[in-house]
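Asker: here is the input, now give the coordinates:
(chains A, B and C)
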Amino acid sequence: MPELPEVETIRRGLDSFCLHKKIKQAKIYCEKSFIGPVELVNGTEIIAFRRKGKALLVDLSNGITMMIHLRMTGQLIWDGKERYAAGHPSENFVAELPNKQTRVEFEIEDGVLYFNDQRKFGFVKLIPTGEVEQDRFIASLAPEPWDMKVEELQAKLKRRKDSPIKAVILDQKVIAGIGNIYADEALFFAKIHPGRKAGSLSSSEVAELLKGACEVMTASIESGGSTMATYVRADGTRGNYLEKFAQVFRREGKECPRCGAEILKIKVGGRGTHFCPVCQKEGC
DNA sequence: CTAGGATCCTGTCAGC
DNA sequence: TGCTGACAGGATCCTA
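Answerer: So this is what the prediction gives:
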């Protein structure tokens, strides 16, 4: 997904467009994508947009919370006086809606909110607001990078000592909010090889990694998330916000911005992984 | 408990 | 052109 910065981006946007507005009606296009009795949201007022890790929480006036998880390809698109979208980047941000990837539609005062999701891994789930903390995913969520202590992270890495560090930081029970982009970017920042055994990191390396995660995610949030729609360049061609700040992600074959060496792509923990073989040495 | 792989689903792209 | 396999910004489940 749609990692933490993208969810925070859509949270902030929705906060400005439809906080305190009434949801007139929700329409479900894909049963799998909506868990709970849909009638519960009709006629309620949105009283808060919160976020925990990569989960967006929409508190409603009747004591129900909609937990929205975008997973791999989810998108939230606000269509009101203007378009505002975040999540998996695609033409849906500017396309006619609803379309065949639309799974849920919320008709709201002043606009329509679309939940689009190509692969249907994402979902909207209704939970009584008071029970959100007991939800399995939410309950097991680790602190976000800025709330995480170096010692706590290192202790967790020791427990997973034989797994590659990249795979471990993708685990939301270890640290919340990091996904495939920011894992690669944070490891590049800290000059750590993604395949290093988690237990082999020194405390100063863990500190750098934590610092890297904070830096790359904060920078992304400040620029509106890496996937805040596609934008149009001065020459009329389409660009992706990712290219504005990614140092290694999807840059295989290109030059490392730090040392000029060629960025490589390998597989770690089943995920495509990008790194600089010179800055991020295997051994250390 | 950990580690690693399969799985959910749709779509696109490279290679034959 | 048509087919096939690989891959994809996530998380869970299963097996060893």
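Asker: nearest spatial neighbour of the residue in the stretch 101-250 of chain A that DNA strand C sits nearest to, skipping sequence neighbours?
Answerer: Residue nearest to DNA strand C within the stretch 101-250 of chain A (Cβ to the nearest atom of the strand): A:Gly179, separated by 2.3 Å. Any C-beta I mention is one placed from the backbone N, CA and C, and that applies to glycine too. Counting by Cβ to Cβ, 6 or more residues apart in numbering, A:Gly179 lies nearest to A:Glu3, which is 3.5 Å off, once chain neighbours are set aside.
Asker: burial check on that neighbour, number of neighbours?
Answerer: A:Glu3 sits with 23 neighbouring residues when counted by other Cβ atoms under 10 Å.
Asker: what do you get for A:Met148?
Answerer: Neighbours of A:Met148 (other Cβ under 10 Å): 19.
Asker: with the one 3 residues further on instead?
Answerer: Here the neighbour count serves as a burial measure; for A:Glu151 (other Cβ under 10 Å) it reads 11.
Asker: dump the residue contacts of it.
Answerer: With contact set as Cβ atoms under 8 Å, 6 or more residues apart in numbering, A:Glu151 has these partners: A:Ser203.
Asker: any idea how far it lies from A:Glu133?
Answerer: 25 Å (Cβ to Cβ, to the nearest Å).
Asker: enumerate the residues of chain A near DNA strand C.
Answerer: Listed as neighbours of DNA strand C in chain A under the rule Cβ under 7 Å from any atom of the strand: A:1-3, A:5-6, A:53-54, A:69, A:71-72, A:87-89, A:119, A:121, A:136-137, A:140, A:170, A:172, A:179-181, A:225-227, A:240, A:242, A:267, A:270-272.
Asker: ChimeraX command for the buried members of those residues?
Answerer: Restricted to buried positions by 16 or more other Cβ atoms under 10 Å, the ChimeraX selection for these reads:
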select /A:1,2,3,5,6,53,54,69,71,72,87,88,89,170,172,179,180,181,225,226,227,242,271
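Asker: of the residues of chain A next to DNA strand C, which belong to helices?
Answerer: Among the residues of chain A next to DNA strand C, the members falling in helices (DSSP state H) are A:5-6, A:136-137, A:180-181, A:242.
Asker: identify the farthest-apart pair in those residues.
Answerer: A:Arg136 and A:Leu242 (31.0 Å; Cβ to Cβ).
Asker: how about CSV for the ones in helices among the residues of chain A next to DNA strand C, with distance to DNA strand B and pLDDT added?
Answerer: Shown next, in CSV, are these (distance: Cβ to the nearest atom of the strand, whole Å; pLDDT from 0 to 100):
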residue, distance to DNA strand B, pLDDT
A:Pro5, 23, 92
A:Glu6, 19, 92
A:Arg136, 14, 97
A:Phe137, 14, 98
A:Asn180, 13, 97
A:Ile181, 17, 95
A:Leu242, 16, 75
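Asker: what number of residues lie near the residue lying closest to A:Gly74 once chain neighbours are set aside?
Answerer: Among residues not flanking A:Gly74 along the chain, A:Gly122 sits closest, at 3.3 Å (Cβ to Cβ, 6+ apart). By the criterion of other Cβ under 10 Å, A:Gly122 has 26 neighbours.
Asker: helices or strands up against the stretch of helix or strand A:Leu14 belongs to?
Answerer: With elements taken from DSSP states H and E, the one containing A:Leu14 is helix A:4-18. Packing contacts for helix A:4-18, counted by 3 or more Cβ pairs under 8 Å, 6 or more residues apart in numbering; DSSP states H and E, involve strand A:46-52, strand A:55-60, strand A:74-79, strand A:83-87, strand A:111-117, helix A:203-222.
Asker: contacts for it?
Answerer: Contacts to helix A:4-18, defined as Cβ under 8 Å, 6+ apart, come from residues A:1, A:46, A:49-51, A:53-56, A:58, A:70, A:76, A:78, A:80, A:84-87, A:108-111, A:113, A:144, A:176-179, A:182, A:217, A:220-221, A:224-228.
Asker: residues of the stretch 51-200 of chain A that sit close to DNA strand B?
Answerer: For the stretch 51-200 of chain A, the contact set with DNA strand B under Cβ under 7 Å from any atom of the strand comprises A:100-101, A:118-121, A:159-164, A:167-168, A:198.
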